[in-house]
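In: I would like the atomic coordinates for the input below:
(chains A and B)
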Amino acid sequence: MRARNNSILSSVDWVTVLVYVLIVLFGWVNIYAATYDHDTANVFNMNSQHGKQLLWIGLSFLLALVILLADAHFFSTAAYVIYGLVLVLLLVVLSMSAVKGATSWIPIGPLKLQPSEFAKFATALAIAKYLGSIDIHIRDFKTKIITFGLILIPAALILLQHDAGSAIVFTSFCVPLYRMGLSGKVLIYGVLAVLLFVLALLIDNNFILIGIIVAIALAYLFLWLNKRTSKIVIRTILIVAACSAFVLSTGFVFDHVLEPHQKTRILQLLGKIDDPQGIGYNVRQSKIAVGSGGLIGKGFLKGTQTKFHFVPEQETDFIFCTVGEEWGFLGSAVLVILYVVLFIRLINIAERQYSKFALVYGYSVVGILLFHFIINLGMVLDLLPTIGVPLPFFSYGGSSLLAFTALLFVFLRQDASHNIMI
Amino acid sequence: MQSFGKGCVFRNCFIDKVLPHSPMTDAYSNRKQIIKILILSIGILFIVRLMYLQIFNSDYKKAADDNALRHIVQYPARGLVYDRNGELLVYNDAVYDIMVVPAQMKNAEDFDTAMFCQILDITRDAFDSNMAKACKYSMQAPSPFIKQISKETYGALQSNLWKFKGFYAQQRTLRHYPKPIAAHLLGYIGEIDERELKDTNINGDNYYRQGDYIGKSGLEKSYESVLRGRKGQKITLVDVHNREKGRYENGRFDTAAIAGKNLYTSIDIKLQEYAEKLMANKRGCIVAIEPSTGEILTLVSAPSYDPNLLVGRVRGENYKKLQDDIAKPLFNRALQATYPPGSIFKVAQAMIALDEGVITPNTGFPCDKSKLGCHNHPSAGCVRDAIKMSCNPYFYFTYRRMIQQGKYSNDVRDSHYGLALWREHMLKFGFGQRLGLDLPNVGTGNIPDTTFYDKWYNGRWTFSTIYSNSIGQGEVTIIPLQMANLAAIVANRGYYYTPHIVRFYGEDSVRPSEFYEKHETGVAPEYFEIAANGMYDVIHGAGGTAHRANIPGIDICGKTGTAENIGIDHSVFICFAPKDNPKIAVSVYVENSGAGGTWAAPIASLVVEKYLKKKVERTDVERQYMEARPCQSLPLKRVYKKMKKRR
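Out: This next block holds a predicted model:
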């Protein structure tokens, strides 16, 4: 057994592990700074958040080791079981919040388990399992329906917990789906729909409607002149009608579907409301923190924004502020590059898999991590509306660190066995 | 399916659903490039955004400093003011502002409100309203709960302060005056107002901030830049709840406050106090100058007030009361009242006429009372006698010779020439212009010029229009400071130094040079000797007008004046003593009291006696004038105005 374990450990992709460890440790340093308090400055003080995070990091490393030592096929085999278990946990949380008010976690002794963090991992397993099956092609309508179902069920359960951030992350599965052959048009239409939504909020609807009609009419007139068929005319009319309906319905969706704080966050980002002391406070303070860092930063534990708690949630969702303030542009850029290296490396690893399961799973891992990264930094740098998601491996929080670690190392375990096979 | 660990090939066949194609060769494998490009562009986008926020935009750095740095001003102690013998006129008294941080107080369950109120001597209602105000200002930031409590109250509170969580004391200083005198001279300080803030900032002096104190009048105003010192600042770090979190950069940018410089004045505190006692229950003023230096020994304006009234919490209320008083206690008569000088003006008239040569020391004029009335006395046969007897017709003729010198046959033109010449001389006596005294708002008085009369009489005037000037009535007005200065000029036999109050300031004894400037009148000293002799006769000679000013053992010289006005005459007297090598020159003006010899002269002589002998031996005279209450009724106009206001 020892020999086999050693061979697995030696065949693990150590570059990825190194990047992972660097991000986790840099994250802990910043959590230490963000929660620094003279009374709890001791690194191993278990009453402090940095002390607790140290415990979580230890547990995560242990978990990573356990996963690497486990059998590679356990996860593909148990994928649906894990998926089902997480769905049950989500239902438990939901039923609990019906009793005790909105919560997203299950208390296990002194710990708080957040099923939503593990739901992404479980969903990734389930999709990989399903799409990895023989004769399953994303082009098939039935496959599409089942795949979207697998994604939307946990997402909907999380949305019911009023955790919009975690729910939005489920859109990240478009990355593996796209890789597996989902038409790029679907994604482009999705992006266009978001753009149209934003435009509809910014500009008077009538202008947009006229714009759409003119643009599409011109495009299809051009096509029709080349290839005169009545089909094009009908399609034009249908598309214009769909777009118009979409634009006209944005107002209703915005007013009735979104929650008030979500509405204000979107309007804030679009510059429609300006209230730096109220809704804009977090974003303004996080921009000040990052911006005041300058080129080389103020130095470890020297950040005034960080140390004096001007940025709310600075050890969790706004942890990047501490990096920006204390480590400056250099530190921030290094962190961004570390993530980009991690993503590219994971894609490369995914591409060398023989198993379709591992390929889909690998792209799911990239998608999930990437979306967290984009949403989190986009929020801190005031490019996206405020959506509370953690920065993977970096933010304070046991559930998220454990879940991301499991997500990553299950993939590395698949890869390790791939190497053995060669 | 579940048979793990039986070798590579075996597992390969059974467990993994190996794709028909080898890695990276499926139909969509080129999509990995698109995804990679997407990831790279997002990375670049974030880095560009970081570059913009952190390197190219400096606004955020300032914003972070604004968030976390508090600049706490360290107020310097204001300079002290001493009299000529080193006695304190003004010092700083420690008072305490009781500050409160409501958030810290909330946690104290056993706060003994009753005891707290008892120590501070406030009602429960006042406590509640002050607390509400503090809470409204900020729960986390300190704000003043009660301002300016005394040392004694603070002492009582200090030993119990630990019981009152959230409260602490902050020291402030207040001006304090050991003796309730010299209010007009010393002036007062007050919070800077908008106009002053604007004015000081226009002058490039960005020293003041809203809420700072600034000298508003008197020495406090004219020596503001000397007395104020320099503010320091302490930079502390504060967190999001405004709690102090230590010093910024270990105090590297902190500056200590530099205390203001002390003023060493020429005022004699004992003489000032005595003179104020003499002026009790009277309206008028006393100015005493040391002729050899121009140093002001005493400057009294009556009615006065206790300068301690305009300090601290009681200031606003008291100021309003003083402002509403129709006797105008806030008005500094010694510097701002433009009085008709009356007969004391004759001394200057005689000197100018002698200098111009229109009369000689032995010129005599009959006391014919045809143009101007006079009291009964023999006609003066010389200038000395004319001064002694204060003969009105004598100076009528003298002034006529001065104004109508016969240079032109046309009377109007001749008078224009004479008046211009006369005025030039008068300005040299310090009349009609602002003397360089180191106090704000010094009046000029009025020595009318030709344009003044041209405007008034449309150019058609001659001596006969303006002859009232000859005896110090008419259009001539003079401020009491200039009257004392006239006495000093005669004492010096022809010159004066700029009257001033501050001899030097600061530890390095800075002496403003302009105070050592000698101003010559241009009249020969021997003529002034005649004036001095005449003034000696006023008190000592037969037929002199001020025998009551006689001090046994002191050769005092003086000149009375009785200035006509609406109501009872003003009583005026100027004098200096001793006759040779004079030490003090005094002017006294008592409004609406009567003849110069009756009121002003004896009061002036008491001041001289007090200064030269350090002790007044004429106790009966002293008592008589201290207790006297001449003319308590105020001008009807003011009384009427006041009544109207009340209604």
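In: Run through the residues that contact A:Ser244.
Out: Listed by CB atoms under 8 Å, 6 or more residues apart in numbering or on different chains, the contact set of A:Ser244 reads A:Leu209, A:Ile212, A:Ile213. From N, CA and C alone the C-beta is placed, and that goes for glycine too.
In: Distance check, the residue nearest in space to the middle of chain A against chain B.
Out: With distances taken as CA atoms, centre = their mean, A:His372 lies nearest the centre of chain A, 2.8 Å away. For A:His372, the distance to chain B (CB to the nearest CB, to the nearest Å) stands at 12 Å.
In: That residue contacts A:Phe394, correct?
Out: No: using CB atoms under 8 Å, A:His372 is not in contact with A:Phe394; the gap is 9.5 Å.
In: quick revisit: what about the residue nearest to the centre of chain A, helix or strand, and which?
Out: Using DSSP states H and E, A:His372 maps to helix A:356-380.
In: Counting neighbours, which bits of the helix or strand following that helix end up buried?
Out: Next in sequence after helix A:356-380, counting helices and strands by DSSP H and E, comes helix A:398-421. Buried residues in helix A:398-421, defined by neighbour count with 16 or more other CB atoms under 10 Å in any protein chain shown: A:398-418, A:420.
In: ditto for stretch A:124-138
Out: Within stretch A:124-138, judged by 16+ other CB under 10 Å, the buried ones are A:Ala124, A:Leu125, A:Ala126, A:Ile127, A:Ala128, A:Lys129, A:Tyr130, A:Leu131, A:Gly132, A:Ile136, A:Ile138.
In: for the record, mean pLDDT for that stretch?
Out: Stretch A:124-138 shows a mean pLDDT of 89.
In: And chain B, is that stretch touching that?
Out: Yes: counting by CB under 8 Å from any CB of the partner chain, chain B has neighbours in stretch A:124-138: A:Gly132, A:Ser133, A:Ile134.
In: burial count for the closest residue to chain B within the stretch 201-350 of chain A?
Out: Proximity of the stretch 201-350 of chain A to chain B (CB to the nearest CB) peaks at A:Gly291, 2.6 Å away. Look at A:Gly291: counted by other CB atoms under 10 Å in any protein chain shown, it has 27 neighbours.
In: isn't it right up against B:Lys61?
Out: Yes: using CB under 8 Å, A:Gly291 and B:Lys61 qualify as a contacting pair, with a distance of 6.9 Å.
In: follow-up on the earlier one: now, which of the buried residues of stretch A:124-138 sits nearest chain B?
Out: Among these, A:Gly132 lies closest to chain B (CB to the nearest CB), at 6.3 Å.
In: List the buried residues for stretch B:456-464?
Out: Under 16+ other CB under 10 Å, the buried positions of stretch B:456-464 are B:Trp461, B:Thr462, B:Phe463.
In: next one: that stretch to chain centre, how far?
Out: Distance of stretch B:456-464 from the chain centroid (CA atoms, centre = their mean, to the nearest Å) equals 40 Å.
In: hey, C-alpha coordinates of it in PDB?
Out: Output of stretch B:456-464 as PDB, limited to C-alpha atoms (Å, rounded to 0.1, in the frame of the first residue of the first chain):
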ATOM      1  CA  TRP B 456     -20.200 124.100   4.800                       C
ATOM      2  CA  TYR B 457     -20.400 127.700   3.800                       C
ATOM      3  CA  ASN B 458     -20.100 127.300   0.100                       C
ATOM      4  CA  GLY B 459     -16.600 128.900   0.100                       C
ATOM      5  CA  ARG B 460     -17.900 132.200   1.600                       C
ATOM      6  CA  TRP B 461     -16.400 132.200   5.100                       C
ATOM      7  CA  THR B 462     -13.900 134.400   7.000                       C
ATOM      8  CA  PHE B 463     -12.500 134.500  10.500                       C
ATOM      9  CA  SER B 464     -15.800 135.900  11.800                       C
END
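In: Would you mind pulling the contact partners of it?
Out: Under the contact criterion CB under 8 Å, 6+ apart, stretch B:456-464 has outside partners B:Tyr399, B:Arg400, B:Ile403, B:Gln404, B:Asp411, B:Val412, B:Asp414, B:Ser415, B:Gly418, B:Tyr453, B:Asp454, B:Thr465.
In: which of the residues you listed are buried?
Out: Listed as buried from those are B:Tyr399, B:Arg400, B:Ile403, B:Gln404, B:Val412, B:Asp414, B:Ser415, B:Gly418, B:Tyr453; burial here means 16+ other CB under 10 Å.
In: which of those residues sit farthest apart?
Out: Greatest spatial distance among these (CB to CB): B:Tyr399 and B:Val412, at 16.8 Å.
In: In chain B, what residue comes closest to chain A?
Out: Taking CB to the nearest CB, chain B has B:Tyr60 as its residue nearest chain A, at 2.6 Å.
In: Nearest residue to that residue in space, please, no chain neighbours.
Out: Distance criterion CB to CB, 6 or more residues apart in numbering or on different chains; nearest residue to B:Tyr60, sequence neighbours excluded, is A:Gly291 at 2.6 Å.
In: Next, that neighbour: phi, psi?
Out: When read as degrees, to the nearest 10, the backbone of A:Gly291 gives phi -60, psi -30.
In: How about B:His500?
Out: Backbone torsions for B:His500, taken as degrees, to the nearest 10, come to phi -150, psi 160.
In: hang on, it packs against B:Glu295?
Out: Yes: counting by CB under 8 Å, B:Glu295 is a contact partner of B:His500 at 6.4 Å.
In: which neighbours do these two share?
Out: Among the neighbours of B:His500, those also in contact with B:Glu295 (CB under 8 Å, 6+ apart) are B:Ser266.
In: Return the distance of the top helix by length along chain A from the chain's centre.
Out: Identified as the longest helix of chain A according to DSSP state H is helix A:319-351. Relative to the centre of its chain, helix A:319-351 is centred 15 Å away, using CA atoms, centre = their mean.
In: Could I get the full set of helices for the stretch 251-400 of chain B?
Out: Using DSSP state H, counting those that start in this stretch, the helices of the stretch 251-400 of chain B run over B:269-278, B:315-324, B:333-336, B:345-356, B:383-389, B:392-403.
In: Could you tell me the least trusted of those?
Out: When the helices of the stretch 251-400 of chain B are ranked by mean pLDDT, helix B:315-324 comes last with a mean of 89.
In: about what we covered before: any chance of the buried residues of stretch A:124-138 in JSON lines with secondary structure as columns?
Out: Below are the buried residues of stretch A:124-138 laid out as JSON lines (DSSP: H, G, I helix; E, B strand; the rest coil):
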{"residue": "A:Ala124", "secondary structure": "helix"}
{"residue": "A:Leu125", "secondary structure": "helix"}
{"residue": "A:Ala126", "secondary structure": "helix"}
{"residue": "A:Ile127", "secondary structure": "helix"}
{"residue": "A:Ala128", "secondary structure": "helix"}
{"residue": "A:Lys129", "secondary structure": "helix"}
{"residue": "A:Tyr130", "secondary structure": "helix"}
{"residue": "A:Leu131", "secondary structure": "helix"}
{"residue": "A:Gly132", "secondary structure": "helix"}
{"residue": "A:Ile136", "secondary structure": "coil"}
{"residue": "A:Ile138", "secondary structure": "coil"}
